[in-house]
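Asker: no FASTA, just this:
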């Protein structure tokens with residue numbers, strides 16, 4: 001224990017440097033990012049389970065029944081698929097999403113940053129992504145329905161519902177929504193959440209421009225889908241299993257007209273299949289970004305289909321599959337879990353923990369076997 005003289009001496013030194021002890025302590029506090037996704041609230045609520053609300057309650061207060069702890073987080077990124085139906089989402093499911101986000105007690109709704117997944121997409125004859133814009137609304141343009149007030153963002157966003165950025169110190173977040181809308185083969189049909197990932201060329205060009213003009217930043221990218229052959233089951237045809245001569249649904253639903261080859265990864269660039277635009281850029285510019293967060297493929301934390309786990313490093317980029325909060329969507333493989341990323345000020349170390357939201361695979365709470373320590377290209381400098 002410090003003596004009074006030592007305490008006063010330390011306090012004086014901090015004050016001379018412009019920092020009070022409380023501010024200095026805050027500057028050493030890790031920044032915690034809760035990376036989650038694939039809540040599929042409409043699927044789970046039919047079984048009486050509030051997939052999103054339950055995870056929120058566990059994060060803030062723990063789960064006494066399961067013996068799972070709470071955990072600190074500063075912001076959350078939900079990597080898409082709040083909706084759960086095979087048809088386009090509707091207002092009823094939108095109201096359920098808003099209701100479940102209302103379970104936040106220690107955080108603001110604006111502490112969660114969202115993007116659209118393939119199940120959040122509008123149907124072929126509907127207004128483009130109307131549901132996501134009305135009920136999820138990351139830019140806060142429809143506060144009356146979504147409850148998102150842009151003035152309450154601790155870290156304000158810049159951009160549109162489809163692509164936006166925000167900063168936390170020297171962390172630059174680039175958030176991109178899936179564009180699985182507008183009808184087959186790229187967009188969903190009336191039935192089927194057509195799983196192959198899609199972005200527009202405008203989004204890719206925006207991403208590239210952001211990367212090339214922010215080389216001094218630690219760049220964190222988020223999309224609903226992982227890139228090709230980066231994490232578990234993210235390769236061609238890896239979304240399914242063979243039964244005789246036929247493909248059948250496994251991780252993802254099999255829809256022959258929906259680009260099934262790329263069901264497990266970001267497959268479409270506009271109308272070009274298997275474009276590989278991000279992969280080619282990153283291969284030519286190793287380490288251009290630090291992290292890629294995604295979801296989409298739901299499976300247990302020990303699964304390594306394709307010789308890849310949920311966390312892998314390729315082209316100098318750490319790829320992390322953060323799925324899924326749902327227990328019942330893609331029920332053959334799904335398991336409710338999420339990731340907690342802890343950035344330590346003035347350090348290149350990034351701690352990534354896996355949190356199990358049920359005890360169906362292992363005891364609920366942090367799953368130590370899946371924890372990883374990653375190395376960033378530069379130290380984290382807080383805001």
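Answerer: On my side now, so go ahead. Source: prediction; values computed, not measured.
Asker: check the gap between the residue nearest the centre of the chain and residue 195 for me.
Answerer: For the chain, residue 79 is the residue whose C-alpha lies nearest the centre (Cα atoms, centre = their mean; 3.0 Å). For residue 79, the distance to residue 195 under the criterion Cβ to Cβ, to the nearest Å works out to 14 Å. Where C-beta positions appear, they are placed from N, C-alpha and C, glycine not excepted.
Asker: circling back: so for the residue nearest to the centre of the chain, what's the pLDDT?
Answerer: On pLDDT, residue 79 comes in at 98.
Asker: again, but for the one 3 residues further on
Answerer: Note on residue 82: pLDDT of 98.
Asker: next: residue 307.
Answerer: The model reports residue 307 with a pLDDT of 98.
Asker: what do you get for residue 313?
Answerer: We note a pLDDT of 98 for residue 313 in this prediction.
Asker: SS state for it?
Answerer: strand (DSSP: H, G, I helix; E, B strand; the rest coil).
Asker: hmm, residue 292 and it touching each other?
Answerer: No: taking Cβ atoms under 8 Å as the definition, residue 313 is not a contact partner of residue 292, at 10.4 Å.
Asker: okay, and the common contacts of those two?
Answerer: residue 319 (Cβ atoms under 8 Å, 6 or more residues apart in numbering).
Asker: which of these two has more neighbours?
Answerer: Higher neighbour count among residue 313 and residue 292: residue 292, with 27 against 12, using other Cβ atoms under 10 Å.
Asker: can you tell me the element that one falls in?
Answerer: Secondary-structure assignment from DSSP states H and E places residue 292 in strand 291-294.
Asker: what average pLDDT does that strand get?
Answerer: Strand 291-294 comes out with an average pLDDT of 99.
Asker: now do the contacts for residue 253.
Answerer: Taking Cβ under 8 Å, 6+ apart as the definition, contacts of residue 253 comprise 86, 192, 193, 195, 263.
Asker: mind checking pLDDT for it?
Answerer: Confidence for residue 253, expressed as pLDDT, is 92.
Asker: equivalent analysis for the one 5 residues further on, please.
Answerer: According to the model's per-residue confidence, residue 258 sits at a pLDDT of 86.
Asker: can you get me a residue count around it?
Answerer: Neighbourhood size, residue 258 [other Cβ under 10 Å]: 24.
Asker: name the nearest residue to it, sequence neighbours excluded.
Answerer: By the measure of Cβ to Cβ, 6 or more residues apart in numbering, the closest residue to residue 258 outside its immediate chain neighbours is residue 194, 3.6 Å from it.
Asker: circling back to that earlier point, quick one: which of the contacts of residue 253 is nearest to residue 59?
Answerer: When those are compared for distance to residue 59 (Cβ to Cβ), residue 193 wins out at 26.3 Å.
Asker: this structure: helices as residue ranges?
Answerer: If you assign secondary structure with DSSP state H, the helices in the chain sit at 4-16, 21-28, 41-45, 51-61, 91-101, 130-131, 143-146, 201-212, 277-284.
Asker: for those helices, which one ends up most surrounded?
Answerer: Neighbour counts (mean count of other Cβ atoms under 10 Å) averaged over each of the helices of the chain peak at helix 41-45, with a mean of 24.
Asker: what packs against that helix?
Answerer: Contact partners of helix 41-45 among helices and strands, from 3 or more Cβ pairs under 8 Å, 6 or more residues apart in numbering; DSSP states H and E: helix 51-61, helix 91-101.
Asker: need these in JSON lines (columns: mean pLDDT).
Answerer: Conversion of the helices and strands packed on helix 41-45 to JSON lines gives the following (pLDDT from 0 to 100):
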{"stretch": "helix 51-61", "mean pLDDT": "98"}
{"stretch": "helix 91-101", "mean pLDDT": "98"}
